[in-house]
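Student: quick check, what structure comes out for this input:
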Amino acid sequence: MSFQNSALLLSWVAIVLLALVVAGLVRQVHALSQGPPGSAGQSPLGPAAGTRAPGFDRLGPGLLLFLDVDCGVCVEVLDEAGSLGRPIHAIFAGAAPEAPGITVLANERDGLFEDYAVPATPFAVLVDASGRVRAAQPVGSTEALRELLGDTEVSR
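Tutor: So this is what the prediction gives:
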């Protein structure tokens, strides 16, 4: 077998392997877009509005912010939330920084992050005094947080 034929054969094997890898990745993306398994009653972006808030007896009403210390936008969102004058609960998957005037919960990856089906950080959930979720959505900027809070203020 000549060098040219060997190179051609090796190229085709590589193309077939790449096609299989791409097919596997497409399958994974499709599975991720469907949401976590067994999430009946929840949208892929956290609990649906009007549902009972998990852990309400532990947290109470207010704005729940799901954050990560390695997320730059999370720091901005937390700073903005601190100036809102409403009960704020900052919930971190791992270690958490100090935040004066804000309830901070650390190491909640297998707890509240899972209970609320948090897809990414920063993620905000508004819980009313009756223990119901009013809104739940990703907040990728301080403007998105203000928009979320503005929408719910109007709908009271």
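
Student: so residue 89 belongs to a strand, correct?
Tutor: Yes. When classified by DSSP: H, G, I helix; E, B strand; the rest coil, residue 89 is found to be part of a strand.

Student: wouldn't it be in contact with residue 58 here?
Tutor: No. Look at residue 89 against residue 58 with Cβ atoms under 8 Å: they stay out of range, at 9.4 Å. All C-beta atoms are positioned from the backbone trio N, CA, C, and that covers glycine.

Student: return the set of buried residues in the lengthiest helix in the chain.
Tutor: In the chain, taking DSSP state H as the definition, the longest helix is helix 3-33. Buried residues in helix 3-33, counted by 16 or more other Cβ atoms under 10 Å: none are found.

Student: now stretch 75-88
Tutor: Buried residues in stretch 75-88, counted by 16+ other Cβ under 10 Å: 75, 76, 77, 78, 80, 81, 88.

Student: before we move on, back to that, more neighbours: which of residue 89 and residue 58?
Tutor: residue 89 (22 against 10; other Cβ atoms under 10 Å).

Student: beta partners of the more buried one?
Tutor: residue 64, residue 103 (DSSP bridges).
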